[in-house]
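**Student:** can't give you the sequence, but here's the structure:
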């Protein structure tokens, strides 16, 4: 996943919706673990549109 940090509110909605708990909120950045399946659940739930399915 790709994160637009200018839009990210660090609200945690993405981490809460991840079915494999692959998103970690660390200080001011989001980290995706190797368990991320690119299912897109986080992209859909983000209220600011800060996530995209483009690979890093």
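**Tutor:** Nice, I can see it. The shown structure was predicted, so the numbers you read here are calculated from the model rather than taken from an experiment. Numbers count the residues shown, from 1 in each chain.

**Student:** Contacts only, for residue 36.
**Tutor:** Contacts for residue 36 (CB atoms under 8 Å, 6 or more residues apart in numbering) come out as 1, 18, 20, 22-23. (C-beta placed from N, C-alpha, C; glycine too.)

**Student:** what's the closest of those residues to residue 37?
**Tutor:** residue 20 (6.1 Å; CB to CB).

**Student:** any idea which helix or strand carries that closest one?
**Tutor:** Counting by DSSP states H and E, there is no helix or strand that carries residue 20.

**Student:** least trustworthy position among the contacts of residue 36, going by pLDDT?
**Tutor:** Here the lowest pLDDT out of the contacts of residue 36 sits on residue 1, with 88.

**Student:** and the gap between residue 47 and residue 10?
**Tutor:** According to CB to CB, to the nearest Å, residue 47 and residue 10 sit 12 Å apart.

**Student:** Those two: who's more crowded?
**Tutor:** Set residue 47 next to residue 10 and count neighbours by other CB atoms under 10 Å: residue 10 wins out with 15 against 10.
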